[in-house]
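Asks: Here is a sequence with its predicted model. Questions after.
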Amino acid sequence: MLITITNTADEATDLGFLLHKNPANLHSADLAFGKAHVFYSSATAQRCTACLLLELDPVELVRGAQQLEDYVNDRPYVASSYLTVAMGRIFGTALAGNCQKRPELVETKLPLELTVEVIRARGGADVLRKLFEPLGYHVEAAPIPLDDKFPDWGESRYFRLTLKACVTVHDALSHLCVLLPVLDEEKHYYIGDAEVDKLLRHGEGWLGKHPERQLIVQRYLKRRSSLVDQAMARLLDEENAAVEVVESRTEQAALAEKDLERPMTLHTQRLNLVATRLKTLEAKTILDLGCGEGKLLRRLLADRAFERITGMDVSHRSLETASSRLPLERMPERQRKRVHLMQGSLLYRDKRLSGFDAAAVIEVIEHLDRPRLVAMERVLFEFARPRHVVVTTPNREYNVLFPTLPPGKLRHGDHRFEWTRAEFADWAGAIGVRFGYQVSFEPVGPVDERHGAPSQMAVFSLTAGGAQ
């Protein structure tokens, strides 16, 4: 089995420092199941390619403790746990993020091209894209054809995989060490608690944010429920801790944003407009995603036209505040049954989000980076699939009219982007085409002739062809 790593940055041979393998030499290592070799097929200032070749003896594997089913099998050729173990042995220092001679290179993102000559992907090219694209890779998956003489064998599950991205070597190796066994869905060694530690160590910084983290964890741990539950619990603990840090860091930024918009009471106008629009849509069951302290929930609860109101937020603290301010404990039983609070994330498919007439997503999307936004789109429009979705987000064009906002600065310290009206329209239109919704737009707040309104709203409604 063969994997190559190519760097095309200036001084491309810096790859040798990061991998701790001199391009001028052949490096070999004996392993329990074979022999690994590292060599460079090219090593110039413009292009440097390191190759890891792993040789397995299938006869010895069958005779030995591995107990493979047949002498003829794909283990010597397909990227699998054998290859990731070899990577850990050969590139262990790089995987640990160490480079003594050139430490400044460790955090440097390089234009890398990674090629895995043969990989077995259960789920085909789609699963390859679902796993690697959220990490920023351009994915090229060329199927390796089966014998034309045997059409009944079906489509090939084997691919030549090429990944291109600007990424650190440490991150690229970590991604491969986790995702290659996930794609293969086989491991040649015992899976225990130590495997959970290894998964979270290699997945640090990216696994918890990956939209397919449930699939990754289940496959990596071979669907052993006790280990999967342990890994997911630890990821959730890390996520909650990160949320608390972000909350405390952005409280001042949120207050600054409110102060910025206070002269026009924009927040109040936004909430009132969304509540009004939900009523005109004749929606009876409402989902408020990213409900925060429950300000929209209180407005909806005051109108008996809304029969079931659910607020979801990733933050325990915000939900506790919403519960106390509604206040649920002092409500009459009939009123209390209309409202429900739950913790959850817009990034992961959740059966609790299904079956609603409408969903409100108020000033949420601008807090999501691109991979998370893509995940949210599928969770909301493909899986939850309410009849209507109301989305609001800031209009960047209006920022020049805020006298206290420096030029080019976003309104909130946690915003990942702020769209112009055209950019918002392009995004919403693409969502409508992709998932079967028609879209209309409304300004939120006072409208300036040149710059539009300070906030903007899109109302998505399922088309006759898109409704399920």
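Replies: Received, thanks. Numbering: from 1, shown residues only.
Asks: Check which helix or strand R160 maps to.
Replies: strand 158-167 (DSSP states H and E).
Asks: tell me the angle the helix or strand following that strand makes with strand 158-167.
Replies: Downstream of strand 158-167, the next assigned helix or strand under DSSP H and E is helix 169-184. On the basis of axes from the mean of the first three to the mean of the last three C-alpha atoms, to 10 degrees, helix 169-184 is oriented at 160 degrees to strand 158-167.
Asks: before we move on, back to that, and the strand holding R160, what does it pack onto?
Replies: strand 110-120, helix 124-132, strand 138-143, helix 169-184 (3 or more C-beta pairs under 8 Å, 6 or more residues apart in numbering; DSSP states H and E). (Each C-beta comes from the backbone N, C-alpha and C, glycine too.)
Asks: try 6 Å this time
Replies: Contact here means 3 or more C-beta pairs under 6 Å, 6 or more residues apart in numbering; DSSP states H and E; on that basis strand 158-167 packs against strand 110-120, strand 138-143.
Asks: Out of those strands, indicate the one that is most buried.
Replies: strand 110-120 (a mean of 19; mean count of other C-beta atoms under 10 Å).
Asks: Let me know the angle separating it from helix 169-184.
Replies: Inter-element angle recorded for strand 110-120 and helix 169-184: 20 degrees (by the same axes, to 10 degrees).
Asks: Output strand 110-120 as CSV - backbone C-alpha positions only.
Replies: Provided in CSV are the C-alpha atoms of strand 110-120 (Å, rounded to 0.1, in the frame of the first residue of the first chain):
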residue,chain,number,x,y,z
LEU,A,110,1.3,24.4,3.3
PRO,A,111,-0.3,23.6,-0.1
LEU,A,112,-0.3,19.9,0.3
GLU,A,113,-1.5,17.1,-2.0
LEU,A,114,-2.1,13.7,-0.4
THR,A,115,-2.7,10.6,-2.5
VAL,A,116,-3.8,7.2,-1.2
GLU,A,117,-3.3,4.8,-4.1
VAL,A,118,-6.0,2.3,-3.0
ILE,A,119,-8.7,2.9,-0.4
ARG,A,120,-11.8,1.0,0.3
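Asks: From the contact counts, what lies against it?
Replies: Checking 3+ C-beta pairs under 6 Å, 6+ apart, strand 110-120 ends up next to strand 2-7, strand 158-167, helix 169-184.
Asks: May I have the longest one exported as PDB, CA atoms only?
Replies: Below are the C-alpha coordinates for helix 169-184, written out as PDB (Å, rounded to 0.1, in the frame of the first residue of the first chain):
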ATOM      1  CA  VAL A 169       1.400  18.500   8.000                       C
ATOM      2  CA  HIS A 170       0.500  17.600  11.600                       C
ATOM      3  CA  ASP A 171      -3.200  18.100  10.800                       C
ATOM      4  CA  ALA A 172      -3.100  16.300   7.500                       C
ATOM      5  CA  LEU A 173      -1.500  13.200   9.200                       C
ATOM      6  CA  SER A 174      -4.000  13.400  12.100                       C
ATOM      7  CA  HIS A 175      -6.900  13.400   9.600                       C
ATOM      8  CA  LEU A 176      -5.500  10.400   7.800                       C
ATOM      9  CA  CYS A 177      -4.800   8.400  10.900                       C
ATOM     10  CA  VAL A 178      -8.400   8.800  12.000                       C
ATOM     11  CA  LEU A 179     -10.300   8.600   8.700                       C
ATOM     12  CA  LEU A 180      -8.500   5.800   6.900                       C
ATOM     13  CA  PRO A 181      -9.700   3.200   9.300                       C
ATOM     14  CA  VAL A 182     -13.100   4.800   9.400                       C
ATOM     15  CA  LEU A 183     -13.400   4.400   5.600                       C
ATOM     16  CA  ASP A 184     -12.100   0.800   5.700                       C
END
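Asks: Mean confidence (pLDDT) on that helix, please.
Replies: Averaging pLDDT along helix 169-184 yields 91.
Asks: Kindly report the same for the shortest one.
Replies: The average of the pLDDT scores along strand 2-7 is 93.
Asks: show me where pLDDT drops low in the stretch 151-300 of the chain?
Replies: 151-155, 185, 236-265 (pLDDT under 70).
Asks: Lovely, talk soon.
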